[in-house]
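Undergrad: Let me see the structure of the following:
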Amino acid sequence: MRLDKYLKVSRLIKRRTLAKDVSDQGKIEVNGKVAKPSHMVKVGDILTLHFGSRVLKARILRLEPSARRDEAQEMYEIVEEAKIL
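TA: Below is the predicted model of the structure:
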């Protein structure tokens with residue numbers, strides 16, 4: 001599944017266009033490497049998202065083509081969450 005679609009379906013980022021823009025800016029890493037929106041993600045990958053002064057690391061647990069709000073949180077687990085000062 002494409003990175004931008006995964007971020008939208010899992011609701012880590014609200015809209016796919018926003019996910020595309022953020023990854024185009026180099027603020028999303030997959031397994032420690034900066035990833036483009038078209039990067040194919042798989043179960044077990046570690047996503048690192050840089051949101052302003054926050055850094056969120058999440059492990060992909062499931063890939064689903066669509067998910068309801070309550071199911072979306074089961075698609076990943078938060079590995080680490082940090083605030084940069």
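
Undergrad: Can you name every helix or strand that the helix or strand of the chain with the lowest mean pLDDT contacts?
TA: Ranked by mean pLDDT, DSSP states H and E, the weakest helix or strand in the chain is helix 69-72, scoring a mean of 90. Using 3 or more CB pairs under 8 Å, 6 or more residues apart in numbering; DSSP states H and E, no helix or strand is in contact with helix 69-72. Using the backbone N, CA and C atoms, a C-beta is placed for each residue, glycine as well.

Undergrad: quick check, distance from it to the centre of its chain.
TA: Centre-to-centre, helix 69-72 and its host chain are 15 Å apart (CA atoms, centre = their mean, to the nearest Å).

Undergrad: which residues are contacting it?
TA: Contacts to helix 69-72, defined as CB atoms under 8 Å, 6 or more residues apart in numbering, come from residues 9-11, 64.

Undergrad: Send me that helix as PDB with only the CA atoms.
TA: Extracted in PDB, the C-alpha atoms of helix 69-72 (Å, rounded to 0.1, in the frame of the first residue of the first chain):
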ATOM      1  CA  ARG A  69     -12.500   5.200  12.900                       C
ATOM      2  CA  ASP A  70     -12.400   2.500  15.700                       C
ATOM      3  CA  GLU A  71     -10.600   0.000  13.400                       C
ATOM      4  CA  ALA A  72      -8.100   2.600  12.200                       C
END
